[in-house]
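**Student:** Okay, structure incoming, though there's no sequence with it:
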């Protein structure tokens, strides 16, 4: 099983409260949001290695960058954010040591040899509710909402609404992109909306320094226990204009 998925899964669940007065108290587990650094393509990622070590996992769009990070920081959980134009089989990523892969919906399936690799689907906000619901039945481990926040300075109400919409439809962990300047209150709002982890783009030393500060914010923030995710069945809508059915008179 993917290390990143193992980290994400407990955040998407809660421990049920005891029903009886005499039930023994369970050890409380402090839940926190998962932090993933997305390292943008750069000529030299070595200066960023120490900074991204504060993240729970690192993703990149170039497999060589991921391998460089793995060499610089042994034990780092890393994966690849595949571009739609990329044709590198997912099996090759697993063999190269990638823990997970972010896959656009048009990416080749290629599941052979990737049983231990986490598969995160990159989903557009415009995807219909019916298609979103089918993800729960697919061999995908998590979902990343493709709402580009890299050029924005704050979390928007639109993004919060989208996260809540997808949470209501999914039983899988949900990831969302956020700017490095995201605040503790914004993180708590995203958490309440069902987001289990955030992805922050890191390309410069300045952005990397903010990543370390964000790690401290997450560690100090109290993320309240959430209700277990419930996925409602999508039932066909019945038209209100139904033909009147005549009453059948009983024979005497």
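**Tutor:** Everything's here; your move. None of the values given here were measured: they were computed from a predicted structure. Residues are numbered from 1 along each chain as shown.

**Student:** Shouldn't residue 218 be within a strand?
**Tutor:** No: Residue 218 is assigned helix when assessed by DSSP: H, G, I helix; E, B strand; the rest coil, not a strand.

**Student:** Spell out the residue ranges of the helices in this structure.
**Tutor:** Here the chain has its helices, by DSSP state H, at 3-11, 46-52, 63-72, 90-95, 129-134, 157-169, 184-192, 205-220.

**Student:** Columns distance to residue 105 on top of those helices, output as CSV?
**Tutor:** Bear in mind the C-beta positions are built from the backbone N, C-alpha and C, glycine included. Formatted as CSV, those follow (distance: least, C-beta to C-beta, whole Å):
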stretch, distance to residue 105
helix 3-11, 19
helix 46-52, 27
helix 63-72, 21
helix 90-95, 14
helix 129-134, 9
helix 157-169, 14
helix 184-192, 23
helix 205-220, 28
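
**Student:** in stretch 97-114, what counts as buried?
**Tutor:** 98, 99, 100, 101, 102, 103, 104, 107, 110, 114 (16 or more other C-beta atoms under 10 Å).

**Student:** Same question for stretch 163-180.
**Tutor:** Of the residues in stretch 163-180, 163-167, 169-170, 172-180 count as buried by neighbour count, 16+ other C-beta under 10 Å.

**Student:** sorry, back to before: residue 35 is nearest to which of the helices of the chain?
**Tutor:** Residue 35 sits nearest to helix 205-220 of all the helices of the chain, at 5.8 Å, using C-beta to C-beta.

**Student:** Okay, angle between the closest one and helix 184-192 too, please.
**Tutor:** 60 degrees (axes from the mean of the first three to the mean of the last three C-alpha atoms, to 10 degrees).

**Student:** Which strands or helices does helix 205-220 pack on?
**Tutor:** The contact analysis (3 or more C-beta pairs under 8 Å, 6 or more residues apart in numbering; DSSP states H and E) places helix 205-220 against strand 34-39, helix 46-52, helix 184-192, strand 197-202.

**Student:** list the contacts for the closest residue to residue 208 other than its chain neighbours?
**Tutor:** Leaving aside its sequence neighbours, residue 208 sits nearest to residue 51 (C-beta to C-beta, 6 or more residues apart in numbering; 3.3 Å). By C-beta atoms under 8 Å, 6 or more residues apart in numbering, residue 51 lies in contact with 202, 205, 208, 209, 211, 212.

**Student:** Please pick the buried ones from those.
**Tutor:** For the contacts of residue 51, a neighbour count by 16+ other C-beta under 10 Å gives the buried set as 202, 208, 211.

**Student:** Need those residues in TSV (columns: distance to residue 188).
**Tutor:** Converted to TSV, the buried ones among the contacts of residue 51 look like this (distance: C-beta to C-beta, whole Å):
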residue	distance to residue 188
202	22
208	24
211	19
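
**Student:** Which of those scores worst on pLDDT?
**Tutor:** Within the buried ones among the contacts of residue 51, residue 208 has the lowest pLDDT, namely 81.

**Student:** low pLDDT regions in the stretch 1-150 of the chain?
**Tutor:** Within the stretch 1-150 of the chain, the segments meeting pLDDT under 70 span 12-30, 41-48, 84-88, 148-150.

**Student:** one more time with 50, if that's ok
**Tutor:** 15-28, 149-150 (pLDDT under 50).

**Student:** With that, I have no additional questions.
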